[in-house]
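**Student:** model the structure of this input:
(one chain, ligands or ions: 1)
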Amino acid sequence: MRSSEFLQALLSTIDKSYKMSFSLKTQILLYFCQIFFPNYIKIAAKSRLKLKKDMINLVEKYRPDILIELGSGYSKDYFPLVNKSAIKNIIQIDKENITDRDRPHYKFVKGDITKYKVWSKIYNIKAKKGLVLTEGLFSYLNDEEFYFVINKLKGLVKKRYSLLTHEPIKPISVSRKIISIFIGKTYRRFMSAKEIKHYYESFGLKTQIIKSNKWQVIYRVYKT
Ligand SMILES: C[S@@+](CC[C@H](N)C(=O)[O-])C[C@H]1O[C@@H](n2cnc3c(N)ncnc32)[C@H](O)[C@@H]1O
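**Tutor:** Next up is the predicted model:
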């Protein structure tokens, strides 16, 4: 099952704008979760929506000319910013072929960011003030894949890009572990904002912790 579709279904429980035609598998999983883990679903939907709103505000304030969304899934969240802010184009990349989006000024590239091939395409995207955005993607990468991606991002950060992202920092709950069986295994590699900063600094990258609470850290990585 697509993790992105489940995320949209989760968000649609509290915000109608995320409603779309969900597959039967997603509808059954959501129904099952609402019966067995009602609190988890309520809290997860609320915190995820808050995170989305924070990210949209941050992107709007940052005013990139090019936005690259890695692991974009079904996200349409940033399309309204095109022309409204400084964004001229949005390039979305996902390993799944998700092309049912209906906005101009965006390009979809199918590719696995843990493989070399897609990075030559990414490196060719020229920007004056570029922003790479990932939401809910890094937690699907194992340590080796994450290391590979951060090394590639390091090369991109040297080319007028910054990275804006967030990481979950709380240990995985039992409810989340059960949901992972259906939508894919997730990893928690950091336990605090301090650990995140330390990790990126070991690559020679600067990290600005923008917001952090006991579950999530929003941060920006940029050139030293
Ligand atoms: C939880 S969804 C988040 C979707 C979107 N960013 C959002 O917040 O609405 C994670 C997305 O990452 C994609 N993904 C996972 N591993 C990937 C990889 N190695 N390369 C590219 N995309 C990947 C999945 O296909 C999925 O669409």
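
**Student:** any residues touching the helix of greatest length in the chain, and which ones?
**Tutor:** When the chain is parsed with DSSP state H, its longest helix is helix 38-62. Helix 38-62 has contacts (Cβ atoms under 8 Å, 6 or more residues apart in numbering) with 7, 10-11, 13-15, 30, 33-34, 67, 77-78, 81, 84-85, 87, 129, 131, 133, 135, 162, 164, 166, 173, 175-176, 210-211, 215-216, 218. To be clear about C-beta, it is placed using only N, CA and C from the backbone, and glycine gets the same treatment.

**Student:** hmm, 7 Å instead?
**Tutor:** Helix 38-62 has contacts (Cβ atoms under 7 Å, 6 or more residues apart in numbering) with 7, 10-11, 13-15, 33-34, 67, 77-78, 81, 85, 131, 133, 135, 164, 166, 173, 175, 210-211, 215-216, 218.

**Student:** just the buried positions in it, please.
**Tutor:** Under the neighbour-count criterion of 16 or more other Cβ atoms under 10 Å, helix 38-62 has 40-41, 44-45, 48-49, 51-52, 55, 58-60, 62 buried.

**Student:** which is the next helix or strand following that helix?
**Tutor:** Going down the chain from helix 38-62, the next helix or strand is strand 66-70, by DSSP states H and E.

**Student:** for that next one, packing partners?
**Tutor:** Packing partners of strand 66-70 (3 or more Cβ pairs under 7 Å, 6 or more residues apart in numbering; DSSP states H and E): strand 89-94, strand 130-134.

**Student:** run through the protein and note the low-pLDDT ranges.
**Tutor:** 1, 224 (pLDDT under 70).

**Student:** now do the strands in it.
**Tutor:** 66-70, 89-94, 106-110, 130-134, 161-168, 206-212, 216-222 (DSSP state E).

**Student:** number of nearby residues for the nearest residue to residue 209 once chain neighbours are set aside?
**Tutor:** The shortest distance from residue 209 to any non-neighbouring residue, by Cβ to Cβ, 6 or more residues apart in numbering, is to residue 193 (4.6 Å). When neighbours are counted by other Cβ atoms under 10 Å, residue 193 registers 20.

**Student:** quick one: the residue sitting furthest away from the middle of the chain from residue 176, how far?
**Tutor:** Taking Cα atoms, centre = their mean, the residue of the chain most remote from its mean C-alpha position is residue 35, at 27.2 Å. From residue 35 across to residue 176, the span is 16 Å (Cβ to Cβ, to the nearest Å).

**Student:** what distance separates the start and the end of stretch 56-75?
**Tutor:** 11 Å (Cα to Cα, to the nearest Å).

**Student:** ditto for stretch 164-176
**Tutor:** Span of stretch 164-176 from end to end, Cα to Cα: 24 Å.
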